[in-house]
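A.B. asks: quick one: sequence plus predicted model below, questions after.
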Amino acid sequence: MALPLIRNLSIWTVCGSLLLMAAELFGATSSSSVSPLLREYCFDCHGEGSKKGGVMLDQKPADPEAERNLWFSVWRNLDSELMPPSDKPRPSKEDRLKIQTWVVQNALGLDPTRPDPGKGIIRRLNRAEYRNTIKDLTGVDYLVEDYFPHDDTGYGFDTIGAVLNLSPIHMEKYLRAAESIVELAVKPANPGAKMLAPEGPPPSTAEARKAYMKELIRSFADRAFRRPVDAGTLEKLTAIGMLENSFEEGLKRAFGAVLAAPRFLFRAETQPQEERKSASVPIDEYALASRLSYFLWNSTPDDTLLKLAESHSLRQQLPAQVERMLRDQKSTRYVRSFVGQWLQSRDAETVPIQPRAVLGVRKGDEGEKMFSHKLREAMRLETEGLFLHVLRENLPAEELLSARYTFLNQTLATFYGIRGVTGQEMRKVELPMDSHRLGLLGHASFLVVTSNPTRTSPVKRGQFILENLLGSPAPPPPPNIPPLENIKKGAHMGMRELMALHRSDALCASCHKRMDPLGLALEGFNAMGMYREAGEESPTDESGELVTGEKFASLEELIGILSTGRKRDFYRCFIEKTLTYALGRGLEASDIPTLSNLVTHMESTQGRMADLVRAVVQSEPFQNMRGDLFDDIQKRGSLPRPR
């Protein structure tokens, strides 16, 4: 089925539109026009001697990186309307935009019409990428979980180049894995494996055997290295193969060397020196094919992408290729990886929960039977299913928050108390009109991973929403904060009363004012993700007020606010998470123009998710990398302005 609304626009049309949006969004703003606004709305707490939260805006930090991070935080807080606080005088929309524009152009010295693509990233394949790549390359399903150590994460994802280091134990594991994989791949009797060995006997003469071996190695190395192997490396690999008396053993040795080579284990995005004499240069089409395939398939480029890269026509074919890749079954790998980490749905299968304590059952294993592995797996699949549906149907992203349908099998439907669902296959199910499970906030995966083992945690649930849905997490708590249970020992208090008592501490009040209303609105669900029936320890008050000033009387009203009034915050957060995952690095102040362009683009396309994926693929940091001229410009202190 073709993706709806994936319009066949050229990449240059979309990129040009994004730059036009930037030019319209950011007009020139002088310091003299902004200084009075900063004094009126900011300096009461963050200037002229005031240093609330350790922030002073009228003093320049000594460290340039600290200065960039400071103004990036200012821009974020203005964009999300967190600052000034709702109980203080607040600037108009026009004045807020004027301050943001000044931050971008003056405080940070950025040119909105020339977004910074960021540095080229070298990153090791993580475990999932390695497993998928090996399977697509050789047909061997190598169980990396049994052999490789866990990958580190950064900014919430295991795709971040800065944390994907190569330790001695990794290298040892890769060498052993290469031997095992090649051994399996060349066995004719191995079902599912792609035959790497030739059909029939090799040529009889030494010269012909060498030429034949070289051609087989070339074919394999081109696909494994994700670009044509150079002549020198091919000669070395062929020489390795020719050391063995047996032709098959020689191939295995050469193929093993390919799978242990840095060019296979790492994704490097570099440019020939002669092509780098500008501030921003396009990555070559082979690198673009890899970025695209590891973004949407979590694996190596297929033959179609590599052939387009070889003919230098991939950029012209990007819209069609994105559509093809999203329709492909391999796109479910992207969904599982991205959603599993962004929304932490993969943790639903392993997070420690004690059903007996949650349900108040003292004896028996009823709770454990109810909270089975099959149920936990279905929780994960529900969230992945909703995301995949919204993506492939190109629906507005906010439907993730407000959908009045979900994806269930019999196990999860029974757990939710929804009738009429039989069988273990996940399928789309319309929710009853009185259902409390609208969108992601009603998914058991979210409710479970944001709970403690024996009880709910409004703090975790509120912080999850702030960090992963609104992009404005509260700072970490001060040290030595006692557990909630120790605040009022011996007294029977509801969760709302306990949290109110906790907020009475001045050290805790400002952060909990942001988190608690969100988390307390979800107290109708217990730590297992079950809705509390009447008569249980169930709060009747789901009301609250967001730190930005919006009031709500119920969870449904809160969801309405998040998916409408705070929709722009959700868009920005979703874009940040998508860019971070796709680029393999955290976002910096220099990414503000790209981020702003994509938010504006998403608003103009009614938030349609597949359109956003395509815009990310066509964005400056996805297509380009910094060139040598960027370093020269940085030394001079500013980026050149357009003429």
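C.D. replies: Great, that's in hand.
A.B. asks: kindly provide the distance from residue 413 to residue 444.
C.D. replies: For residue 413, the distance to residue 444 (C-beta to C-beta, to the nearest Å) stands at 11 Å. (Each C-beta comes from the backbone N, C-alpha and C, glycine too.)
A.B. asks: more neighbours: those two, which one.
C.D. replies: Set side by side, residue 413 and residue 444 give different neighbour counts by other C-beta atoms under 10 Å, the larger being at residue 444 (25 against 19).
A.B. asks: setting aside sequence neighbours, what's the nearest residue to the more buried one?
C.D. replies: Nearest non-adjacent residue to residue 444, counting by C-beta to C-beta, 6 or more residues apart in numbering: residue 529, 3.1 Å away.
A.B. asks: measure that neighbour to residue 407 for me?
C.D. replies: Distance check for residue 529 against residue 407: by C-beta to C-beta, it reads 15 Å.
A.B. asks: which of the two has more neighbours?
C.D. replies: When residue 529 and residue 407 are compared for neighbours, residue 529 comes out ahead with 28 against 21, by other C-beta under 10 Å.
A.B. asks: distance of that one from residue 353?
C.D. replies: Taking C-beta to C-beta as the measure, residue 529 and residue 353 are separated by 9 Å.
A.B. asks: how about low-confidence regions in the stretch 251-400 of the chain?
C.D. replies: Low-confidence segments of the stretch 251-400 of the chain, defined by pLDDT under 70, span residues 270-278, 363-364.
A.B. asks: show me where it has strands.
C.D. replies: Taking DSSP state E, counting those that start in this stretch as the criterion, the stretch 251-400 of the chain carries its strands at 266-268, 280-282.
A.B. asks: looking at those strands, which is buried most?
C.D. replies: Here the criterion is mean neighbour count by mean count of other C-beta atoms under 10 Å, and of the strands of the stretch 251-400 of the chain the winner is strand 280-282, at a mean of 19.
A.B. asks: so how far is it off the chain centroid?
C.D. replies: A distance of 24 Å separates the centroid of the chain from that of strand 280-282, by C-alpha atoms, centre = their mean, to the nearest Å.
A.B. asks: one more: stretch 569-584?
C.D. replies: From the chain centre to the centre of stretch 569-584 is a distance of 6 Å (C-alpha atoms, centre = their mean).
A.B. asks: send the alpha carbons of that stretch over as CSV?
C.D. replies: This file holds the C-alpha atoms of stretch 569-584, laid out as CSV (Å, rounded to 0.1, in the frame of the first residue of the first chain):
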residue,chain,number,x,y,z
ASP,A,569,6.4,21.3,22.3
PHE,A,570,5.6,17.7,21.3
TYR,A,571,6.7,18.4,17.7
ARG,A,572,10.0,19.9,18.9
CYS,A,573,10.7,17.1,21.3
PHE,A,574,9.8,14.4,18.7
ILE,A,575,12.1,16.1,16.1
GLU,A,576,14.9,16.4,18.6
LYS,A,577,14.7,12.7,19.5
THR,A,578,14.5,11.7,15.8
LEU,A,579,17.5,13.8,14.8
THR,A,580,19.5,12.5,17.8
TYR,A,581,18.8,8.9,16.8
ALA,A,582,19.4,9.5,13.1
LEU,A,583,22.6,11.6,13.4
GLY,A,584,24.2,9.6,16.2
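A.B. asks: which parts of stretch 242-256 are buried?
C.D. replies: Residues 242, 247, 250-256 are the ones in stretch 242-256 that count as buried (16 or more other C-beta atoms under 10 Å).
A.B. asks: closest to residue 597 out of these?
C.D. replies: Closest approach between the buried residues of stretch 242-256 and residue 597, by C-beta to C-beta: residue 255, at 44.1 Å.
A.B. asks: so that closest one sits against residue 182, correct?
C.D. replies: Yes - A contact is recorded between residue 255 and residue 182 when judged using C-beta atoms under 8 Å, the distance being 4.7 Å.
A.B. asks: would you mind splitting the chain into its domains for me?
C.D. replies: Domain assignment for the chain, taken from automatic domain parsing, gives 27-111, 122-268.
A.B. asks: picking that back up, list the residues that contact both of residue 255 and residue 182?
C.D. replies: Shared between the contact lists of residue 255 and residue 182 (criterion: C-beta atoms under 8 Å, 6 or more residues apart in numbering) are residues residue 196.
A.B. asks: now stretch 170-187: average pLDDT?
C.D. replies: Average pLDDT, stretch 170-187: 93.
A.B. asks: pull out the buried residues from it.
C.D. replies: Per 16+ other C-beta under 10 Å, stretch 170-187 contains these buried residues: 170, 174, 177-179, 181-182, 184-186.
A.B. asks: could you measure from residue 203 over to residue 213?
C.D. replies: In this view, residue 203 and residue 213 are 9 Å apart by C-beta to C-beta.
A.B. asks: show me which of those two is the more surrounded one.
C.D. replies: The neighbour count for residue 203 versus residue 213, taken as other C-beta under 10 Å, is higher for residue 213 (21 against 14).
A.B. asks: where are the low-confidence patches of the stretch 401-550 of the chain?
C.D. replies: Low-confidence regions of the stretch 401-550 of the chain, defined by pLDDT under 70, span residues 480-493, 497, 499-507, 509, 534-540.
A.B. asks: try 80 this time
C.D. replies: Low-confidence regions of the stretch 401-550 of the chain, defined by pLDDT under 80, span residues 477-510, 533-540.
A.B. asks: where along it do the helices fall?
C.D. replies: Read by DSSP state H, counting those that start in this stretch, the stretch 401-550 of the chain holds these helices, from start to end of the chain: 410-416, 444-449, 458-468, 495-503, 506-520.
A.B. asks: surely residue 50 touches residue 57?
C.D. replies: No - taking contact to mean C-beta under 8 Å, the distance of 9.7 Å between residue 50 and residue 57 leaves them out of contact.
A.B. asks: between the two, what contacts are shared?
C.D. replies: Applying C-beta under 8 Å, 6+ apart, one finds that residue 50 and residue 57 are jointly contacted by residue 43.
A.B. asks: between those two, which one's more packed in?
C.D. replies: In this view residue 50 and residue 57 are compared by other C-beta under 10 Å, and residue 57 has more residues nearby, 20 against 14.
A.B. asks: helix, strand or coil for the more buried one?
C.D. replies: Look at residue 57: counting by DSSP: H, G, I helix; E, B strand; the rest coil, its state is coil.
A.B. asks: check it and give its pLDDT.
C.D. replies: Taken from the predicted model, the pLDDT recorded for residue 57 is 91.
A.B. asks: wait, it touches residue 41, no?
C.D. replies: No - in this structure residue 57 lies outside contact range of residue 41 using C-beta under 8 Å: 10.5 Å.
A.B. asks: overlap in contacts of these two?
C.D. replies: Common neighbours of residue 57 and residue 41, using C-beta under 8 Å, 6+ apart, do not exist here.
A.B. asks: count of neighbours near residue 588?
C.D. replies: Residue 588 has 15 neighbouring residues, counting by other C-beta under 10 Å.
A.B. asks: residue 68 is in contact with that one, correct?
C.D. replies: Yes - contact criterion C-beta under 8 Å: residue 588 and residue 68 qualify, at 7.1 Å.
A.B. asks: show me where the stretch 1-150 of the chain has helices.
C.D. replies: Applying DSSP H, counting those that start in this stretch to the stretch 1-150 of the chain gives helices spanning 11-25, 31-41, 43-46, 64-79, 93-102, 127-138, 144-147.
A.B. asks: pick the most buried one from the ones you listed.
C.D. replies: For the helices of the stretch 1-150 of the chain, average neighbour numbers computed from mean count of other C-beta under 10 Å are highest in helix 127-138, which has a mean of 22.
A.B. asks: CA atoms only for that helix, dumped as CSV, please.
C.D. replies: Provided in CSV are the C-alpha atoms of helix 127-138 (Å, rounded to 0.1, in the frame of the first residue of the first chain):
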residue,chain,number,x,y,z
ARG,A,127,24.6,-4.8,18.8
ALA,A,128,21.3,-4.5,17.0
GLU,A,129,22.9,-3.0,13.9
TYR,A,130,25.5,-5.7,13.8
ARG,A,131,23.0,-8.5,14.1
ASN,A,132,20.8,-7.0,11.4
THR,A,133,23.7,-6.2,9.1
ILE,A,134,25.1,-9.8,9.4
LYS,A,135,21.7,-11.3,8.7
ASP,A,136,21.1,-9.1,5.6
LEU,A,137,24.6,-9.7,4.4
THR,A,138,25.1,-13.4,5.0
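A.B. asks: thanks a lot, catch you later.
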